[in-house]
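Colleague: Pasting the sequence and the predicted model now:
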Amino acid sequence: AQSDWEGLAASIRGALSWGMSGAPCHGADVGGFYGSRQPSPELYVRWLQAAVFGSHLRLNGIGEREPWAFGDEVEAIARKWIAFRYRLIPYLQRVLAEATATGMPVMRAMPLAFPGNPLVRDCETQFLCGDTLLVAPILQDGGQVTITLPPGAWYDLNSRQRFPGQRVLRYRATLDQFPVFGREGHALPLGRAVQHTGEIDVAAPLGELWVFGKPVAPLEGFTQVRIAPDATGAAAIDAARPGVLFVALTSPRKGRFLARWGERLDVRVWHGVGGSFDVLAGKVRRAPQLWQRLGLEWLYRVLQEPR
């Protein structure tokens, strides 16, 4: 792909078309492979953030593509998103197993994921990563994007706010943030922070399980935890081993179903009100008011990140 904003958009459209043609995997050259000029720092970050949610990615092209070539701020942001990519591996492995069995791609175009819904039919660049995460790539300077939410309800991983589906949002994200939404009723298994895949415990890879609202969709394939129907037919979380932190994103009135988990599981409940959710570190940080007034919340979070 060419190293400009249209190159990024074309790369995503190509990946989604490739998936609908029966190929479940697609690789991205972050920053674009060629062009009359090198990618800007902002374009490079947005390309990396989108590529995190594909099956393959590489920092590759004609010219420098290493994060440190774009300055200290970009290097810090890229480090966090690459770290999150490693944490996403257990989920991606489950999605790839599904692809092997059914042919459904990792990056799912809106018409493929919601074939009977006319509202999302014309969305060319937003996609589902697996069946749990809605990804809305930013394709222009300034961090703005229009997002069309499919049916159901969706949790913004930046604000923790719950949005009903079947609506269109005008969204702005600072450079270190990226529009990703968790699908209500589903769960996101995440691994622990590692420096390379050799540090992943294959037998017990999970460090956290994020649950979006009341669990409905089953979760199989992990020895540490599973979600399956109980005796009454309702979905229940069964933790076979300790050591997995359960993070529940829910509204206050829907939080009661989590009470029975707390007796035997390590549970953190986050309601979608206030604070700033750091999708990468899994922590809530509120920047001091002065930093907020100056529009430097992103810098505050970067400075708080362990080096």
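Modeller: Received the coordinates, thanks.

Colleague: Run through the protein and note the low-pLDDT ranges.
Modeller: Counting by pLDDT under 70, the chain has low-confidence residues at 240-242, 250-307.

Colleague: repeat that with 50
Modeller: Residue ranges of the chain with pLDDT under 50: 255-265, 271-285, 298, 301-302, 305-307.

Colleague: how about the helices of it, start to end?
Modeller: Counting by DSSP state H, the segments of the chain that form helices are 5-20, 41-51, 72-87, 89-102, 110-113, 289-293, 297-304.

Colleague: Pull out the buried residues from the third one.
Modeller: So the one you mean is helix 72-87. 74, 76-81, 83-87 (16 or more other C-beta atoms under 10 Å). Where you see a C-beta, it was placed from the backbone N, CA and C, and this is true even at glycine.

Colleague: Widest-spaced pair of these?
Modeller: Val74 and Arg87 (20.3 Å; C-beta to C-beta).

Colleague: about what we covered before: with distance to Met110 added, can I get the buried residues of helix 72-87 in CSV?
Modeller: Listed next are the buried residues of helix 72-87 as CSV, based on distance: C-beta to C-beta, whole Å:
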residue, distance to Met110
Val74, 30
Ala76, 32
Ile77, 27
Ala78, 28
Arg79, 31
Lys80, 28
Trp81, 23
Ala83, 29
Phe84, 23
Arg85, 23
Tyr86, 28
Arg87, 26
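
Colleague: what comes up buried for stretch 100-120?
Modeller: 104-111, 113-114, 119-120.

Colleague: distance between the ends of that stretch?
Modeller: 26 Å (C-alpha to C-alpha, to the nearest Å).

Colleague: still on that earlier bit, for the helices of the chain, which one sits closest to Pro218?
Modeller: Short answer: helix 89-102, nearest of the helices of the chain by C-beta to C-beta, at 11.2 Å.

Colleague: before we move on, the earlier item: for the buried residues of stretch 100-120, work out which two are farthest apart.
Modeller: Val106 and Leu119 (23.2 Å).

Colleague: Skipping adjacent residues, who's closest to Ala109 in space?
Modeller: Nearest non-adjacent residue to Ala109, counting by C-beta to C-beta, 6 or more residues apart in numbering: Leu16, 3.9 Å away.

Colleague: same thing with Gly63?
Modeller: Gln38 (5.1 Å).

Colleague: Same check on Gln140?
Modeller: Trp5 (5.9 Å).

Colleague: What is the burial count for the one you found?
Modeller: Neighbour count for Trp5, taken as other C-beta atoms under 10 Å: 19.

Colleague: Could you tell me which residues make contact with it?
Modeller: 43, 139-141 (C-beta atoms under 8 Å, 6 or more residues apart in numbering).

Colleague: go again using 7 Å as the cut-off
Modeller: For Trp5, the contacting residues are 43, 139-140, by C-beta atoms under 7 Å, 6 or more residues apart in numbering.

Colleague: want to throw the helices of the chain into a markdown table with distance to Thr197?
Modeller: A markdown table is the format used below for those (distance: least, C-beta to C-beta, whole Å):
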| stretch | distance to Thr197 |
| --- | --- |
| helix 5-20 | 23 |
| helix 41-51 | 17 |
| helix 72-87 | 7 |
| helix 89-102 | 7 |
| helix 110-113 | 28 |
| helix 289-293 | 36 |
| helix 297-304 | 26 |
